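K.L.:
How does the following fold in three dimensions:
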Amino acid sequence: MLSRPRGLFFWLVLIIFLFFIATAPVATAHAILAVWRAVVSLFTGLKTFMSVLSSPR
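P.N.:
Numbers count the residues shown, from 1 in each chain. Down below sits the predicted model:
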């Protein structure tokens, strides 16, 4: 069944599908890194805020 020739539309859809499978891990990694950086910057800002509040005048 797979040895039969396919149409152009089949190959176009297959290539697009394989492209999405190949790029999905990259997009997921970028999203995870963005969340990580946001959490780190949040806690860095909280640390600075707490140190300003706790410094004597």
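
K.L.:
In the chain, mark out all the helices, start to finish.
P.N.:
According to DSSP state H, the chain carries its helices in the segments 8-54.

K.L.:
Can you list the low-confidence ranges for it?
P.N.:
By pLDDT under 70, the weakly predicted segments of the chain are 1-3.

K.L.:
and residue 16, how far is that from residue 28?
P.N.:
Shown here: residue 16 relative to residue 28, a distance of 18 Å by C-beta to C-beta, to the nearest Å. To be clear about C-beta, it is placed using only N, CA and C from the backbone, and glycine gets the same treatment.

K.L.:
try residue 51
P.N.:
35 Å.

K.L.:
what does residue 45 give?
P.N.:
26 Å.

K.L.:
same check, this time on residue 44
P.N.:
25 Å.

K.L.:
I'd like the distance from stretch 21-36 to the chain centre, please.
P.N.:
2 Å (C-alpha atoms, centre = their mean, to the nearest Å).

K.L.:
Can you give the contact residues for it?
P.N.:
Stretch 21-36 is contacted by no other residue when judged by C-beta atoms under 8 Å, 6 or more residues apart in numbering.

K.L.:
Can I get it as CSV, trimmed to CA atoms?
P.N.:
The C-alpha trace of stretch 21-36 is given here as CSV (Å, rounded to 0.1, in the frame of the first residue of the first chain):
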residue,chain,number,x,y,z
ILE,A,21,6.9,17.5,14.8
ALA,A,22,10.6,18.6,14.4
THR,A,23,10.0,22.2,15.7
ALA,A,24,7.6,21.3,18.6
PRO,A,25,10.5,20.5,21.0
VAL,A,26,12.2,23.8,20.2
ALA,A,27,9.0,25.8,20.9
THR,A,28,8.4,23.9,24.1
ALA,A,29,12.0,24.5,25.3
HIS,A,30,11.7,28.2,24.5
ALA,A,31,8.4,28.4,26.5
ILE,A,32,10.0,26.6,29.5
LEU,A,33,13.0,28.9,29.4
ALA,A,34,10.8,31.9,29.2
VAL,A,35,8.8,30.8,32.3
TRP,A,36,12.1,30.0,34.1
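
K.L.:
Buried residues, that stretch. List them.
P.N.:
Judged by neighbour count using 16 or more other C-beta atoms under 10 Å, stretch 21-36 contains no buried positions.
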